[in-house]
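Undergrad: My questions concern the predicted model and sequence given below.
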Amino acid sequence: MLFHHSAAITLHPVFASLPAPKTFFMPSHKIIIDTDPGQDDAIAILLALASPEELDLLGIVTVAGNVPLELTSRNALMLCELANKPETKVFAGCPGPLVRPLVTAEHVHGKTGLDGADLAAPTISLQTQHGVDWTIETLLAAEDDSITICCLAPLTNVAMAMVKAPKILPKIKQIVLMGGGYFEGGNITPTSEFNIYVDPHAASTVFKCGRPLVVLPLDVTHKALMQRKWLDALKELGTPVGDATYGMLSFYERFDVDKYGSSGGPLHDPTVIAYLLQPELFEGRQVNVEVEIHSELTMGMTVVDWWKVTDRTPNVTYINQINADAFFALILERFNRY
């Protein structure tokens, strides 16, 4: 596995007589975040915005998922302001799946998607361009293999962009997504994880796109359980980000604690950003994954050939192990920058 580290460039000593030299950083990844905030999406977005040395965030595209599009878009704007990054471009994408009716998850995230945090209404506005069109435009203007798409949500926007403009595919360096499950089953149906289930046809399109794909499924996120000591450490930061994330995660975790009887709720979406920042925290293997789109009984199931019992060509890096302590330490360290 390749590790990416930010490269620091310092001015030559010949310029010693000039004002104190600054250190410049060349981010390791140019990224687009596709998201449906969602408390765990919020942690992922804040983690990315706190990591400019490694991540050049080109823009955020919202989609309907955890809550409807109007709310996911509003939430993304509020998070950019919470992070004091109002210059971040936010685009609204698709209001519903490609084929099926929209399914949302207010029972998990609350009616706003960010219940538990008292965030001020956004003062910044969405960009006027449709998120799918901006994604296409951005990719077509880029060099080949140069942009990573970070998917924290149903894959509607990304699939739509691929179908609308297939020429974007060579521009994509990799797609890193949270979705699916094999050993853990599903979390919205017995077989299916929410992000895949909401738009299985989009997921099937993305999984078949032929570009490098890294999947962080329930099998790994259920090994990243929040503990009370860590949540308290967020609050002890004494910052708006610390207070807001403590509140929203305290609300959010109660669903999984009640459902699974676990010691804490899992943090799903931040694993995507953490994978880019510290890939050494994760382990997995190359496997084939297909998405079920025909059976209502198993709609949205990710069929993972973990044991390679078929001759289907591996199409994803499927992550199933995480250093959870280091993962939570990374989030806390980055949030301490706010």
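TA: Looks like it came in fine. Numbering: from 1, shown residues only.
Undergrad: tell me what the longest helix anywhere in the chain is packed against?
TA: Determined from DSSP state H, the single longest helix within the chain is helix 240-260. Applying 3 or more CB pairs under 8 Å, 6 or more residues apart in numbering; DSSP states H and E, we find helix 240-260 packed against helix 39-49, helix 69-82, helix 106-109, helix 228-235, helix 324-335. In short, each C-beta sits where N, CA and C put it, glycine included.
Undergrad: and the helix or strand following that helix with helix 39-49, angle?
TA: For helix 240-260, the following helix or strand on the C-terminal side (DSSP states H and E) is helix 270-277. Between helix 270-277 and helix 39-49, the angle comes out at 20 degrees (axes from the mean of the first three to the mean of the last three CA atoms, to 10 degrees).
Undergrad: quick one: contacts of helix 270-277?
TA: 4, 28-29, 31, 40, 43-44, 47-48, 51, 54-55, 148, 150-152, 176-178, 214, 216, 220-221, 224, 281-282, 319, 322, 327, 330-331 (CB atoms under 8 Å, 6 or more residues apart in numbering).
Undergrad: Type out the ChimeraX command that picks the buried ones from these.
TA: In ChimeraX syntax, the buried subset of the contacts of helix 270-277 is picked out as below (16 or more other CB atoms under 10 Å):
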select :28,29,31,40,43,44,47,48,51,54,55,148,150,151,152,176,177,178,214,216,220,221,224,281,282,319,322,327,330,331
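Undergrad: The contacts of helix 270-277 in helices, which ones?
TA: Per DSSP H, the contacts of helix 270-277 map to helices at D40, I43, A44, L47, A48, V220, T221, F327, L330, I331.
Undergrad: Local confidence estimate at H5?
TA: We note a pLDDT of 38 for H5 in this prediction.
Undergrad: And I331, how far from H29?
TA: Here I331 is placed at a distance of 18 Å from H29 (CB to CB, to the nearest Å).
Undergrad: residues in contact with K173?
TA: Contacts of K173 (CB under 8 Å, 6+ apart): H29, K30, D145, S146, I147, T148, P212.
Undergrad: can you state the direction angle for the helix or strand it falls within and helix 270-277?
TA: Here K173 sits within strand 172-178, counting by DSSP H and E. Relative orientation of strand 172-178 versus helix 270-277 (the same axes, to 10 degrees): 140 degrees.
Undergrad: Tabulate the CA atom coordinates of strand 172-178 in PDB.
TA: Extracted as PDB, the C-alpha positions of strand 172-178 are listed here (Å, rounded to 0.1, in the frame of the first residue of the first chain):
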ATOM      1  CA  ILE A 172     -10.500   9.900 -11.500                       C
ATOM      2  CA  LYS A 173      -7.500   8.800  -9.400                       C
ATOM      3  CA  GLN A 174      -9.700   6.700  -7.100                       C
ATOM      4  CA  ILE A 175     -13.100   6.600  -5.500                       C
ATOM      5  CA  VAL A 176     -13.000   6.100  -1.700                       C
ATOM      6  CA  LEU A 177     -16.400   5.400  -0.300                       C
ATOM      7  CA  MET A 178     -18.200   4.300   2.800                       C
END
